[in-house]
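Student: Just need the structure, nothing else, for what follows:
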Amino acid sequence: MTSHEAMTSQVIINMNTRLKRKAMQKAKNNGMPFSSVINLAIKAYVEGLWNIGIIEEEKFNEKTRKELDAAIRDIKKGKGLSPVFSTIEEVRTYLKK
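Tutor: Numbers count the residues shown, from 1 in each chain. Coordinates of the predicted model:
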């Protein structure tokens, strides 16, 4: 083995099947083997270029959850939103109403 050849070892992990399928397809679309994606991710993690943080899911009380749900519904319907402006004059005219 030359100094340029790296030893490799096999790693077996359990992974969500749907996630694996999507990741493999994305790697294929990008023209690279899935194993290269995994190796690059591990290398970045080891070299400190990729930090993993655990973020706890935000939990709202019932009142806040209902208000957020209502606001999201309104946004999806376009309700209560200002129009898109092309010039500052359009903004000023809109704000004078």
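
Student: from here on, contacts and neighbour counts on C-alpha atoms
Tutor: Will do.

Student: any idea of the mean pLDDT in stretch 49-61?
Tutor: Summarised as a single mean, pLDDT over stretch 49-61 is 84.

Student: again with stretch 65-80
Tutor: For stretch 65-80, mean pLDDT is 91.

Student: what distance separates that stretch from the middle of the whole chain?
Tutor: Relative to the centre of its chain, stretch 65-80 is centred 22 Å away, using C-alpha atoms, centre = their mean, to the nearest Å.

Student: ok, residues contacting that stretch?
Tutor: Stretch 65-80 is contacted from outside by residue 81, using C-alpha atoms under 8 Å, 6 or more residues apart in numbering.

Student: quick one, domains of this structure?
Tutor: Here the domain assignment for the chain is 1-51, 62-95, based on automatic domain parsing.

Student: Quick one: those domains as CSV, columns for mean neighbour count too.
Tutor: CSV is the format used below for those (neighbours: other C-alpha atoms under 10 Å):
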stretch, mean neighbour count
domain 1-51, 10
domain 62-95, 11
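
Student: can you map out the strands along the chain?
Tutor: Ranges of strands in the chain, per DSSP state E: none exist.

Student: quick check, distance from the lengthiest helix in it to the centre of its chain.
Tutor: Ranked by residue count and defined by DSSP state H, the top helix of the chain is helix 62-77. Remark: helix 62-77 is offset 22 Å from the chain centroid, using C-alpha atoms, centre = their mean.

Student: Right, I'll leave it there.
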